[in-house]
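Visitor: Model the structure of this input:
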Amino acid sequence: MVDVVVVGGGLAGMVAAWRLAERGARVTLFEAGERLGGKAGAKQNGADYDEHGYHIFPDWYRNAHQLIAELGIQDHFLDCAEFLQLEPGQFPRFKSYTNITSARYAWRNLTSGVLPFFEALLFYYAALDLMSQPYSYRARLDQVTISGFLRSRFYRTDNVALQFEELMLKGISVPTYEVSAMTMRNVMRYWVRSPEPMHRILKGNLQEFFIQPIQRKLESLGCQIHLRHTLTHLEPTGGRIARLDFRTADGQTVSQAIDPQTRVVLAIPAEKVPPFVTDELYQLAPDLGKIAYLSARPMAAFNLYFKRRLPNMPRAHVNLIDSQFGLSFIDVSQCWQGYPNTVLNLIASDFTPLEGLSDKAALEALMDDLCRYFPAIVTDDITRVDFQRHTTEPLFMNDVGAWAFRPTAATSIPNLFLAGDYCRSHIDLVSMEGAISTGLLAAEAVRAAAGLPRPVQVLVPPTYPDWLLRLGSFILIPAVIPVYVAARLQGWLTPNQRDLSIQTVETPRNTANTLRRKKEP
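Guide: Numbering: from 1, shown residues only. Have a look, this model is predicted:
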């Protein structure tokens, strides 16, 4: 019998445990929190589950959809085609991208009004240009940001750069002036090859509709699960991991002896790894020290429960253009059963300016930003607010230069393996698919080392051939020049509506003031 200890009950750890247990390994899983799922999940609050943040499942999430099929929960999902855009003061006049990466909807998106027509053409060409860059340029593209890549192109305009910023910040929570151009090249190639539906969402909260089915699968395979066990020490002896120490919920220390044949999968976040890299561990695996170069940043979330159903709220995801804190949201009451009144699940992709504030001050700032788009919202309409700043649960940042410091599943310590979306994988992106893929890669590395049967399959999303993307980019160059000139002329002759909307809309303080007035007689 092969024994495996998995430390970390997020998606990466759960998937690694699943694949190893079904191949006959005796798996024990330790999780520091009160539930499994980690940063992908929801906390229970009475009869409600408050999401850690809304989650999407694009069609190119091949490994996620494989797990969903095995669990038999395909009916837990809804297809989504639209991504709505709303400018300050324009509610309810939403503009829409429909299956934005699909050629079938290109004309609809070009004429959607999100961008002026000619700049919309340049936006699409910029995406094609980036996708057509050869993989042999990985080192170069990983050292330049999306903003840097765009600045190097002759066809760039401010609106094209701003549109990339909007979509990247809301999509992966990293601004274009930090995210690696190589990361976005890969993601866009996957999305363009599998464009419809644009993504899927769950019909309910992630915990009940996705995490708990995986947990039940682990339990059915005999996996032992220990919650509220926080790793405090990794003890190497004789060139291997020999002991793990955990702190339990009651403050006690529990030690887990690791015999020479037991494998350990460390599936904890990147920012949690460096404190365990002691002198002894560093001597055995110097690459573990490089993980300290990786950065993480909180992405705050807040859920607003209303007393009534707000009029004109769409069912689709909404991006608030030019939001100070990168706000986007979905009205989950239109997708989940049992919610007759509006429930907004919002994400603040750029929470950095508010990290040092109190919860009250940070929430007031976020609400003020939201009210630029929905001035009628007041707290008398709100029954409950759930605010999650996530400063202790930051997301790994796909910023420039990170690839060189990201580890692989196998380490130079024979019985230590790593999993988590910060590890190297073909996905190369902080996401649920990235976490799942690295869990599968860790399971395969353990399986191969332990001699277990049946290789673990890791699905790679399909892409269009390199030659086709390069050919398309090359053929369109002559057309890009007159389009660029037309875009410049259009910009000179037409006032910048986005700037005008910002200048003419005051930031209302009604929500923050109502928060204070509500407590006054």
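Visitor: The closest residue to Lys43 other than its chain neighbours: neighbour count?
Guide: Closest residue to Lys43 apart from its sequence neighbours, by C-beta to C-beta, 6 or more residues apart in numbering: Asp50 at 5.4 Å. For the C-beta atoms, the positions are set from N, CA and C on the backbone; glycine is no exception. Asp50 sits with 21 neighbouring residues when counted by other C-beta atoms under 10 Å.
Visitor: domain ranges for the chain?
Guide: 3-66+206-294+402-450, 76-81+103-200+463-496, 297-394+502-517 (automatic domain parsing).
Visitor: ranking the ones you listed by burial, who's on top?
Guide: domain 3-66+206-294+402-450 (a mean of 20; mean count of other C-beta atoms under 10 Å).
Visitor: ok, back up a step: a markdown table for the domains of the chain, including mean pLDDT and distance to Gly89?
Guide: Shown next, in a markdown table, are the domains of the chain (pLDDT from 0 to 100; distance: least, C-beta to C-beta, whole Å):
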| stretch | mean pLDDT | distance to Gly89 |
| --- | --- | --- |
| domain 3-66+206-294+402-450 | 95 | 24 |
| domain 76-81+103-200+463-496 | 88 | 15 |
| domain 297-394+502-517 | 85 | 4 |
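Visitor: among the ones you listed, which is nearest Val456?
Guide: Across these, Val456 has its closest neighbour in domain 3-66+206-294+402-450 (3.8 Å, C-beta to C-beta).
Visitor: Switch the domains of the chain over to CSV; also include distance to Phe91.
Guide: Output for the domains of the chain, formatted as CSV (distance: least, C-beta to C-beta, whole Å):
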stretch, distance to Phe91
domain 3-66+206-294+402-450, 20
domain 76-81+103-200+463-496, 15
domain 297-394+502-517, 6
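Visitor: Skipping its backbone neighbours, what lies nearest the residue nearest to the spatial centre of the chain in space?
Guide: The C-alpha lying nearest the average C-alpha coordinate of the chain belongs to Ser431 (C-alpha atoms, centre = their mean; 4.0 Å). Closest residue to Ser431 apart from its sequence neighbours, by C-beta to C-beta, 6+ apart: Asp421 at 6.4 Å.
Visitor: OK, contacts around that neighbour?
Guide: Residues in contact with Asp421, defined by C-beta atoms under 8 Å, 6 or more residues apart in numbering, are Ala12, Phe396, Ile427, Leu429, Val430, Ser431, Gly434, Ala435, Thr438.
Visitor: do Ala362 as well
Guide: Neighbours of Ala362 in contact, by C-beta under 8 Å, 6+ apart: Ala300, Phe351, Leu354, Phe387, Arg389.
Visitor: quick one, phi/psi of the residue nearest to the centre of the chain?
Guide: phi -170, psi 170 (degrees, to the nearest 10).
Visitor: Distance of it relative to Ala348?
Guide: 18 Å (C-beta to C-beta, to the nearest Å).
Visitor: How about Pro286?
Guide: Applying C-beta to C-beta to Pro286 and Ala348 gives a distance of 37 Å.
Visitor: now do Cys335
Guide: To Ala348, Cys335 is 21 Å away according to C-beta to C-beta.
Visitor: Now do the SS call for Met182.
Guide: helix (DSSP: H, G, I helix; E, B strand; the rest coil).
Visitor: Now do the contacts for it.
Guide: Tyr137, Arg138, Leu141, Asp142, Trp403, Asp428 are the contacts of Met182 under C-beta under 8 Å, 6+ apart.
Visitor: Adding distance to Pro197, write the residues you listed out as CSV.
Guide: Converted to CSV, the contacts of Met182 look like this (distance: C-beta to C-beta, whole Å):
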residue, distance to Pro197
Tyr137, 31
Arg138, 30
Leu141, 29
Asp142, 30
Trp403, 30
Asp428, 23
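Visitor: Return the member of those nearest to Phe118.
Guide: Closest to Phe118, out of all of the contacts of Met182 and judged by C-beta to C-beta, is Leu141, at 26.8 Å.
Visitor: I'd like to know which elements the helix or strand containing Asn109 is packed against.
Guide: Here Asn109, judged by DSSP states H and E, is contained in helix 106-110. Based on contacts counted as 3 or more C-beta pairs under 8 Å, 6 or more residues apart in numbering; DSSP states H and E, the elements that helix 106-110 packs against are strand 95-98, helix 117-131.
Visitor: in a strand, that's where Asn345 is, yeah?
Guide: Yes. Judged by three-state DSSP, Asn345 forms part of a strand.
Visitor: So it is in contact with Ile330, correct?
Guide: Yes. Asn345 is within contact range of Ile330, at 5.6 Å (criterion: C-beta atoms under 8 Å).
Visitor: who touches both of the two?
Guide: With C-beta under 8 Å, 6+ apart as the test, Asn345 and Ile330 both reach Tyr54.
Visitor: Next up, the contacts around the residue lying closest to Gln334 once chain neighbours are set aside.
Guide: Spatial nearest neighbour of Gln334, chain neighbours left out: Arg315 (4.3 Å); criterion: C-beta to C-beta, 6+ apart. Arg315 makes contact with Asp331, Gln334, Cys335, according to C-beta under 8 Å, 6+ apart.
Visitor: And Trp336, by the same measure?
Guide: Contacts of Trp336 (C-beta under 8 Å, 6+ apart): Lys203, Gly204, Asn205, Val343.
Visitor: gap between it and Asp50?
Guide: 12 Å.
Visitor: now the end-to-end length of stretch 239-257.
Guide: Distance between the two ends of stretch 239-257: 15 Å, counting by C-alpha to C-alpha, to the nearest Å.
Visitor: swap that for stretch 21-38, please
Guide: For stretch 21-38, the end-to-end distance is 20 Å (C-alpha to C-alpha).
Visitor: Mind giving me the packing neighbours of the helix or strand encompassing Ala435?
Guide: Assigned by DSSP H and E, Ala435 belongs to helix 432-450. Here helix 432-450 touches helix 11-21, helix 62-71, strand 263-266, strand 416-418, going by 3+ C-beta pairs under 8 Å, 6+ apart.
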